[in-house]
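Asks: Below are the sequence and a predicted model; questions follow.
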Amino acid sequence: MDIKKIEKFIKSRKYPLYHINQIQRAVYKNYVDEWSKATSLPLQLREELSLKIPILSFSPSKILISGKSDAVKAALKLRDDLSVETVLLKLKPGHFSTCVSVQVGCAVGCPFCATGKTGLKRNLTAEEISDQILFWKQHINREGLEGDLKNIIFMGMGEPFFNYEAVKKTIKILNNRDLFNIGQRHISVSTFGYVPKITQFAKDFPQANLAISLHSVSDEIRQKLVPLSGKFKLEKLSTAIKNYLQITNRKIFIEYVLLSGINDSAKKAKKLALWLRNAAPAKYFAVNLIPCNSVSKSFSAPSPEKVKLFQNTLLDYNINATIRKSLGRDIKGACGQLAYKPF
Ligand code: SF4
């Protein structure tokens with residue numbers, strides 16, 4: 001929902017302005033999913049809103065719940081009939097996170113990612129991005145799930161820094177106390193390493209979290225895994241990391257998808273550790289190791305032993321490294337598995 005549209009509507013229809021606050025409370029505090037349920041509003045206003053301004057800018061076309069109920073994936077049909085997916089994750093009891101999409105498809109083209117295979121269709125608007133969070137808040141409320149949505153991760157479909165203005169607007173909507181009231185420290189934005197926007201992001205949101213999908217510290221391998229990285233070589237990325245740390249002094253999350261036989265050897269772990277330590281002191285990095293969630297025959301995850309060895313090698317160099325628990329693999333809701341075609 002775009003609160004500006006609501007304000008305009010209330011003013012144009014000459015309703016008393018206090019209805020704007022009532023609407024904000026109904027939508028962002030009580031999570032009503034139909035205007036008829038916003039009973040603090042007069043009946044005529046509820047009826048007009050139902051006809052003219054839908055609460056969400058999309059309609060969910062399908063919802064899948066993983067076997068362990070720790071991940072839920074939704075396909076959302078946008079007004080132009082395109083679709084995106086979004087995922088709700090229960091990382092610990094009472095603590096939900098959501099992975100939101102920022103584009104329909106993605107131009108970066110990582111060959112191990114379902115989104116990357118589709119190309120880019122279009123950017124999402126700030127309303128379409130923030131509505132994904134509203135949608136999950138409504139879901140938690142409607143299903144009576146215990147807990148709250150605490151963390152927002154911009155790591156679904158698309159490259160957030162290629163749709164920067166909408167992402168920036170969304171973060172401001174999330175921060176707004178009268179709307180979501182979610183602080184920057186609970187927001188993480190992931191990029192493949194789009195160097196031109198890294199410093200900008202540090203200046204705009206110095207308290208938010210930055211994640212960089214690195215996957216290799218060889219320009220040659222990286223270009224195969226992240227095709228657009230050819231334009232932003234590792235040396236430039238290293239400089240951008242230094243600038244980012246100078247402004248924020250905040251830890252950076254390094255995402256590293258482990259692909260069997262490609263980037264998963266202990267030797268490559270050592271190279272990664274040295275590259276990071278060359279960019280900044282080890283304490284500034286937290287590496288998330290993500291065993292590949294295969295979407296193509298060309299890529300598979302290494303054995304658990306190999307994953308452990310990779311992690312231990314990083315730890316030997318004092319680099320904090322954790323193995324990502326891939327939630328929602330059974331519903332194709334894990335990292336790299338989101339696609340724009342409805343499932
Ligand atoms: S992994 Fe991320 S950046 Fe790469 S194609 Fe998929 S969505 Fe785009």
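Replies: Perfect, I can see it now.

Asks: list the buried ones in stretch 34-44?
Replies: For stretch 34-44, the neighbour count (16 or more other C-beta atoms under 10 Å) marks 35, 38, 41 as buried. Yep, even glycine has a C-beta here, placed from its N, CA and C like the rest.

Asks: do stretch 287-300 as well
Replies: Here stretch 287-300 shows 287-295, 299-300 as buried, counting by 16+ other C-beta under 10 Å.

Asks: ok, the residue of the stretch 151-300 of the chain found nearest the ligand to Cys110 distance?
Replies: With C-beta to the nearest ligand atom, the shortest gap between the stretch 151-300 of the chain and the ligand falls at Phe192, namely 4.5 Å. Between Phe192 and Cys110 the computed distance is 7 Å (C-beta to C-beta, to the nearest Å).

Asks: helices and strands around the helix or strand harbouring Ala321, which ones?
Replies: Element membership of Ala321, judged by DSSP states H and E, is strand 320-323. Packed against strand 320-323 by the contact rule (3 or more C-beta pairs under 8 Å, 6 or more residues apart in numbering; DSSP states H and E) you find strand 285-291, helix 304-316.

Asks: who's Leu78 bridged to?
Replies: Leu78 forms beta bridges with Phe58, as assigned by DSSP bridges.

Asks: Please give me every residue in contact with it.
Replies: Leu78 is in contact with 57-58, 84, 104, 124, 128, counting by C-beta atoms under 8 Å, 6 or more residues apart in numbering.

Asks: if we can go back for a sec, shared neighbours of Phe192 and Cys110, which are they?
Replies: Between them, Phe192 and Cys110 share these contacting residues under C-beta under 8 Å, 6+ apart: 213, 226.

Asks: More neighbours: which of the two?
Replies: For Phe192 and Cys110, the more surrounded residue by other C-beta atoms under 10 Å is Phe192, and the numbers stand at 26 against 22.

Asks: can you tell me which residues contact whichever residue of the chain sits closest to the ligand?
Replies: Residue of the chain nearest the ligand, by C-beta to the nearest ligand atom: Gly116 (2.7 Å). Counting by C-beta under 8 Å, 6+ apart, Gly116 makes contact with 106, 108-110.

Asks: With Asn209 instead?
Replies: Contacts of Asn209 (C-beta under 8 Å, 6+ apart): 185, 187-189, 250-251, 253.

Asks: residues of the strand holding Ala321 that come out buried?
Replies: Applying a neighbour-count criterion of 16+ other C-beta under 10 Å, the buried positions in strand 320-323 are 320-321, 323.

Asks: so what pLDDT did the residue of the chain closest to the ligand get?
Replies: pLDDT for Gly116: 83.

Asks: do the same with Lys297
Replies: 80.

Asks: With Cys335 instead?
Replies: pLDDT recorded at Cys335 is 68.

Asks: Ok, Lys332 next?
Replies: pLDDT, Lys332: 71.

Asks: That one: how many residues sit nearby?
Replies: Lys332 has 19 neighbours, counted by other C-beta under 10 Å.

Asks: ditto for Ser97
Replies: The burial count for Ser97: 20, using other C-beta under 10 Å.

Asks: Which neighbouring elements make contact with the strand ranked longest in the chain?
Replies: The strand spanning the most residues in the chain, taking DSSP state E as the definition, is strand 83-92. Counting contacts by 3+ C-beta pairs under 8 Å, 6+ apart, strand 83-92 is packed against strand 71-78, strand 95-99, helix 126-142.

Asks: Could you see whether the ligand lies near that strand?
Replies: No. Judged by C-beta under 6 Å from any ligand atom, strand 83-92 stays clear of the ligand, getting no closer than 11.0 Å.

Asks: Now do the contacts for Ser57.
Replies: Shown in contact with Ser57 (C-beta under 8 Å, 6+ apart): 1-2, 78-79, 125, 127-128, 131.

Asks: What segments of the chain are helices?
Replies: Listed in chain order, the helices of the chain (DSSP state H) span 3-12, 18-28, 43-52, 126-142, 164-175, 195-204, 219-225, 234-248, 266-279, 304-316.

Asks: so what's the spatially closest residue to Leu289 that is not a sequence neighbour up against?
Replies: Excluding the flanking residues, the one nearest Leu289 by C-beta to C-beta, 6 or more residues apart in numbering is Ile323, at 4.9 Å. If a contact means C-beta under 8 Å, 6+ apart, then Ile323 has 289, 291, 307-308, 311 as its contacts.
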